[in-house]
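Colleague: sequence isn't available, so here's the structure alone:
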């Protein structure tokens, strides 16, 4: 009897196309068929994983969900003892902290298949190279050349990145997210970066920003803090290619602190074929698949074998080589049960405050209060 699995991913070519291509190859090898559905980026960032686990065998997730999904018992752990060698190879091949970001309470809940963090995006036909200093970004913002995704949750991602880059890593255990003085410094930088920003940015996510930047006559040609999307560096994906590089820095610092993103492949605890689902997850995340089938289908691999591959870099304007330092120094967000509610509400506060030009020290207090309450199940 043919095993047929159902999978859920997110609706962008980077999230969907490699899953379909790799599943076709897997079916040829094993006879196991996988049908993929997709949901919007906004749903991907907020939709309850427990509901997806009731309907799908395989689920693409974001690492901040792990506390919630562990509490709800909706996923199977993937660190099975009989496959310890495979797991060791996946861990050794991680880019930055992608692999451990899915490790929670002693178990591995997903394997990284896509690695990303906030980086810099620019039009290579208008810049000789990336902008190296954030002070220059401020000048370009005032000149009307910058787009910054500030739609929730991305306003909070900007906050995280600037905080960690300034040496004020946000806490992950509470009760406060950040010291008030440090948080105020971050708010001050965000005010500078958003002074003169196109008001449309408060409704734009990274995909919408990059779609605009890829237009021939787009007035804006730089996004200083945006999740990298390799698709936009591939010739022909949009009218004009977008290049990516390490983040612009403050005061000569290394490009550290960017808020880690990316996705992992997880297996539902409700699946009727756990061994088949786990086998596909291990195979999909492996180095040979990631640098070949996955990358060739316009995925954004999570394995170092792909990030270091000359051919993979050659067709993407050196996307991987030019953003690797930022990814290696990325900040891993909180992951406790209750965090997802905090992320949504804190980002809404930040977006509204900068859109309405009301941001100030009290904003840090409001965010800290939300964070403390997220541990008590109060939001």
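Modeller: Structure received. Since we're looking at a predicted model, the values are computed, not measured. Residues are numbered from 1 along each chain as shown.
Colleague: quick one: low-confidence ranges for this protein?
Modeller: Scanning the chain for pLDDT under 70 picks out the ranges 1, 41-42, 44-46.
Colleague: go with 90
Modeller: For the chain, the stretches flagged by pLDDT under 90 are 1-2, 11-12, 39-53, 69-71, 174, 361, 376-379.
Colleague: how much space separates the residue nearest in space to the middle of it from residue 80?
Modeller: What sits nearest the mean C-alpha location of the chain, by C-alpha atoms, centre = their mean, is residue 261, with 2.2 Å. Computed as C-beta to C-beta, to the nearest Å, the residue 261 to residue 80 distance reads 27 Å. In short, each C-beta sits where N, CA and C put it, glycine included.
Colleague: residue contacts, the residue nearest to the residue nearest to the centre of the chain when sequence neighbours are not counted?
Modeller: Computed as C-beta to C-beta, 6 or more residues apart in numbering, the closest residue to residue 261 that is not its neighbour in sequence is residue 116, at 4.1 Å. Residue 116 is in contact with 227, 228, 229, 260, 261, 262, 263, 300, 327, counting by C-beta atoms under 8 Å, 6 or more residues apart in numbering.
Colleague: can you give me the helices in the stretch 101-250 of the chain?
Modeller: 134-142, 154-165, 180-194, 206-213 (DSSP state H, counting those that start in this stretch).
Colleague: please identify the deepest-packed of these.
Modeller: Most buried of these, by mean neighbour count (mean count of other C-beta atoms under 10 Å): helix 154-165, with a mean of 26.
Colleague: ok and that helix relative to helix 134-142, angle-wise?
Modeller: 160 degrees (axes from the mean of the first three to the mean of the last three C-alpha atoms, to 10 degrees).
Colleague: so what touches helix 154-165?
Modeller: The contact list for helix 154-165, computed with C-beta under 8 Å, 6+ apart, reads 118, 148, 150, 169-170, 178, 182-183, 186, 189-190, 193, 205-206, 225, 227, 247, 249-250, 253, 255-259, 261, 331, 333, 343, 346-347, 350-351, 354.
Colleague: what about 6 Å?
Modeller: The contact list for helix 154-165 (C-beta atoms under 6 Å, 6 or more residues apart in numbering) reads 118, 170, 178, 186, 189, 225, 257-259, 331, 346-347, 350-351.
Colleague: where's residue 59, which helix or strand?
Modeller: Following DSSP states H and E, one finds residue 59 within strand 58-61.
Colleague: tell me the contacts of residue 306?
Modeller: Here residue 306 is in contact with 290, 291, 295, 312 (C-beta under 6 Å, 6+ apart).
Colleague: touching, the second one and residue 309? I think so.
Modeller: By that I understand residue 291. Yes. The criterion here is C-beta atoms under 6 Å, and residue 291 meets it with residue 309 at 4.8 Å.
Colleague: so which of the contacts of residue 306 is the most crowded?
Modeller: Of all these, residue 290 has the most neighbours under the rule other C-beta atoms under 10 Å, reaching 31 neighbours.
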